[in-house]
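Chemist: Pasting the sequence and the predicted model now:
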Amino acid sequence: MSPTDTIRNGEEKEPAFGFWRRSYAMLVKEFIQLRRDRVSFAMIIIIPVMQLLLFGFAINTTPRHLPTAVLLQEDSDLGRSILKAMENTSYFRFTREVHTVEQLDELLQSGKVLFGVEIPRGFERAVRRGDKPALLVAADATDPVASGTALGTLGALVQSALAHDLHIGDPPEMPFEIRAHARYNPAAESRLNIVPGLVGTILTMTMLIFTALSVTREIERGTMESLLSMPIKPVEVMFGKIIPYVMVGFIQAGLIIGIGVLLFGVPVLGSLTLLGLLTTLFITTNLSIGYTFSTIVQNQLQAMQLSMMFFLPSILLSGFMFPFAGMPVWAQYIGEGLPLTHFIRIVRAIMLKGATMLNLQYDTIALAALMLFAMTIAVTRFRRTLD
Amino acid sequence: MNGGPTSAQSDASSIAIDVKGLTKSFNGREVVHDLSMQVKRGSIYGFLGPNGSGKTTTIRILCGLLTPDSGEGTCLGYDIRRDADKIKRKVGYMTQRFSLYQDLSVRENLEFVARLYGMPDARGAAADMIARIGLKGREEQLAGELSGGWKQRLALGACTLPNPLLLLLDEPTAGVDPKARRDFWNEIHALAAEGLTVLVSTHYMDEAERCHEIAYIAYGHLLAHGTVDEVIAKSELSTYTVTGEDFNGLMAELTGKPGVDMVAPFGTSLHVSGRDKASLESAIAPYRGNAKWHWQASEPSLEDVFIDLMGRSKDNFQG
């Protein structure tokens, strides 16, 4: 430091460790603010714990006990042995018995089962005669991860069924064949599965955040006070805030589906109108949930955090990244409460399986119920006064 | 301009605000205590008091933004507890902090308000208001980019747009230059002349003197009300105005002397006040002989009265 600097009138010398003192002052202030923001504090605990539990317990990339329907065209010992052997692999779980091929198709198309096993008429007799008849296994291959491993076990299955249950000994060749049919996605291309799922995932993220910020923004900018002093009702505020984003969401959905079809060659086998209608329903459901968040939280940061809290299980438990049927029952129950779960079923079914409204009733009703539930909470939670 | 709701009671039609015993607490702290007031239709009622005295809370109770813990009353003949929706249709509330949409233009903000109130020609109503408040040429400017004075005009325009019968203005002129303040008050008087009732809170004494009636509130208690002259007369404050030079020593000596309750410099003069005239006079007697100063008995100013009320209320309610 030159002497003229110190002489200059009243200019104080920089205190020692100035950098650290100022950093320390900032650090103390940040800690105080963090401690005051209870929600942020809770998120520090909840998000990692939730993520760990979901990944650790709920997610299973080699899913077992997958729902399977049986179509028994004959009642024979051999047929029962084969089914028993299939169940013993632990990959298949027989949940439904049907009597016609059409019923089997319907269950597969609506996603209620992942596999359909058909034991044809005269099967046992044909085996005994050495005709090598075929046992049909139809798989919903829209999600190759879910169906792949189970289909892979079928080859060894014949051997074990024969060895343990038929007492035929070691036959030199296979007395019957298992004809597996990977439906909807025969080449097991994961992009066919992922692109429709992405429609739902992207919409969940963007729609939630749009409305989650909407009420808190009015409060933080101070405009809520004058809005509340005017004659407008909570339902009116809600509709006014949701409807513009329905259009935004619709454009987004169109963009993703368009790119999916043109660039990734994903088909749209079902009705485009139905897809549009149900996508609009899904968009509105997410917007209502986001809006509900914004009536609960106190500031925009909390709104973002709550949206993250909702988004995380939506991705992990909806069947988007990991097979839904492979999750434990408790995780499936949580999944049923998430709109993305239902929409992923809907969008995959319409695009890849050509499903119609009849196949999708359950998921449509579930989406509508979630929407109404969220809207009811939002309207009752909306504070009409500043109390 | 507006006739008002055709009320059966002639009493109710001449009184715009009539509330009794309003009390409101936040987190166990009482902000408004047993407040009763009446405001005549067509009058300008000034609401004065220090920061945090409960003015904003009272105004918010009146327009239904807050529910009182206890107390009752009517606003424009409507019950403040049950008829908040009806009150909102007839009351214009100008918030202390600018609360229109900063990212909407002047015109868009006004059209929003007009539509919200279901006015048949929202565009026309907004255009008329833009002309009335003198914002022509700025209608496409974003509200957030306006200067303080223009923002305040826009806010007043927005709350008078739906033709309310009562205006509640919460410190409307805070941070606004004197010229804009004068224009604003001229507008308020013009509106009152049209039959509008105006309740306005303020810190400025000159603004208090522009009101037909005033009320003084401190620590949630309504301490004085009436016309400016009535409030001064009721204060029982005796004041001497000292002119001369070198007040600093005199101020220090007088402050805290028994009988002297307040010493306040006003430019080139000094106001010395006391609640008890006799003890004030005996306190100042030793100084009156000094030729440096000229002592004159005078009327206390409104500010003297308010500072005194504030000091007294502090003793009473703050322990």
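Modeler: Good, I have the coordinates.

Chemist: Residue A:136 - how many residues pack around it?
Modeler: Other residues within reach of residue A:136, judged by other CB atoms under 10 Å in any protein chain shown, total 16. Using the backbone N, CA and C atoms, a C-beta is placed for each residue, glycine as well.

Chemist: Return the distance of the closest residue to it other than its chain neighbours relative to residue A:180.
Modeler: Once flanking residues are discounted, residue A:136 sits nearest to residue A:118: 4.1 Å by CB to CB, 6 or more residues apart in numbering or on different chains. The spacing between residue A:118 and residue A:180, counted by CB to CB, to the nearest Å, is 12 Å.

Chemist: which neighbours do those two share?
Modeler: Taking CB atoms under 8 Å, 6 or more residues apart in numbering or on different chains as the criterion, residue A:118 and residue A:180 both touch A:137-138.

Chemist: tell me the pLDDT at the residue nearest to residue A:136?
Modeler: pLDDT recorded at residue A:118 is 89.

Chemist: and what of the one 3 residues further on?
Modeler: With respect to pLDDT, residue A:121 has a value of 87.

Chemist: and if you look at residue A:33?
Modeler: Per-residue pLDDT puts residue A:33 at 83.

Chemist: returning to that earlier point: so what sits opposite the residue nearest to residue A:136 in the bridge?
Modeler: residue A:71, residue A:136 (DSSP bridges).

Chemist: how about it, what does it touch?
Modeler: Residue A:118 neighbours (CB under 8 Å, 6+ apart): A:70-71, A:73, A:101, A:104, A:135-138.

Chemist: Please produce a markdown table containing those, extended by distance to residue A:54.
Modeler: Below are the contacts of residue A:118 laid out as a markdown table (distance: CB to CB, whole Å):
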| residue | distance to residue A:54 |
| --- | --- |
| A:70 | 32 |
| A:71 | 36 |
| A:73 | 42 |
| A:101 | 38 |
| A:104 | 33 |
| A:135 | 37 |
| A:136 | 36 |
| A:137 | 31 |
| A:138 | 31 |
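
Chemist: Tell me which stretches of the stretch 101-250 of chain B form helices.
Modeler: Remark: helices assigned in the stretch 101-250 of chain B by DSSP state H, counting those that start in this stretch are B:106-116, B:122-132, B:148-160, B:178-193, B:205-208, B:228-234, B:248-254.

Chemist: want to try CSV for those helices, with mean neighbour count, mean pLDDT and distance to residue B:283 as columns?
Modeler: Listed next are the helices of the stretch 101-250 of chain B as CSV, based on neighbours: other CB atoms under 10 Å in any protein chain shown; pLDDT from 0 to 100; distance: least, CB to CB, whole Å:
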stretch, mean neighbour count, mean pLDDT, distance to residue B:283
helix B:106-116, 21, 95, 57
helix B:122-132, 17, 94, 54
helix B:148-160, 22, 93, 44
helix B:178-193, 16, 92, 37
helix B:205-208, 18, 88, 26
helix B:228-234, 15, 89, 22
helix B:248-254, 13, 84, 7
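
Chemist: one step back: which members of the contacts of residue A:118 are classed as buried?
Modeler: For the contacts of residue A:118, a burial check counting by 16 or more other CB atoms under 10 Å in any protein chain shown picks out A:70-71, A:104, A:135-138.

Chemist: follow-up on the earlier one: mind checking which of the helices of the stretch 101-250 of chain B is nearest chain A?
Modeler: helix B:106-116 (5.2 Å; CB to the nearest CB).

Chemist: Please see if the closest one touches chain A.
Modeler: Yes: using CB under 8 Å from any CB of the partner chain, helix B:106-116 comes into contact with chain A via B:113, B:116.

Chemist: Report the central residue of the chain.
Modeler: This is for chain A. residue A:318 (2.1 Å; CA atoms, centre = their mean).

Chemist: oops, I was thinking of chain B
Modeler: So for chain B, CA atoms, centre = their mean, it's residue B:201, sitting 2.1 Å from the centre.

Chemist: Report the separation between it and residue A:23.
Modeler: 44 Å.

Chemist: What parts of chain A come near chain B?
Modeler: A:221-232, A:384-387.

Chemist: PyMOL command to pick out the buried ones of these?
Modeler: Selecting the buried subset of the residues of chain A next to chain B in PyMOL, with 16+ other CB under 10 Å as the burial test, is done by:
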select buried, chain A and resi 221+222+223+224+225+226+227+228+229+230+231+232
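
Chemist: Chain A: strands as residue ranges?
Modeler: All strands of chain A, identified by DSSP state E, fall at A:66-72, A:92-98, A:115-119, A:134-140, A:177-183.

Chemist: then stretch A:75-88 to CSV, C-alphas only?
Modeler: Coordinates of each C-alpha in stretch A:75-88 appear next as CSV, following Å, rounded to 0.1, in the frame of the first residue of the first chain:
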residue,chain,number,x,y,z
ASP,A,75,-59.4,-79.4,-19.1
SER,A,76,-56.5,-81.8,-18.9
ASP,A,77,-53.8,-82.9,-16.5
LEU,A,78,-51.1,-81.8,-18.9
GLY,A,79,-52.6,-78.3,-19.2
ARG,A,80,-52.8,-77.9,-15.5
SER,A,81,-49.2,-79.1,-15.1
ILE,A,82,-48.0,-76.6,-17.6
LEU,A,83,-49.8,-73.8,-15.9
LYS,A,84,-48.4,-74.9,-12.5
ALA,A,85,-44.9,-75.0,-14.0
MET,A,86,-45.5,-71.4,-15.3
GLU,A,87,-46.6,-70.2,-11.9
ASN,A,88,-43.6,-72.0,-10.3
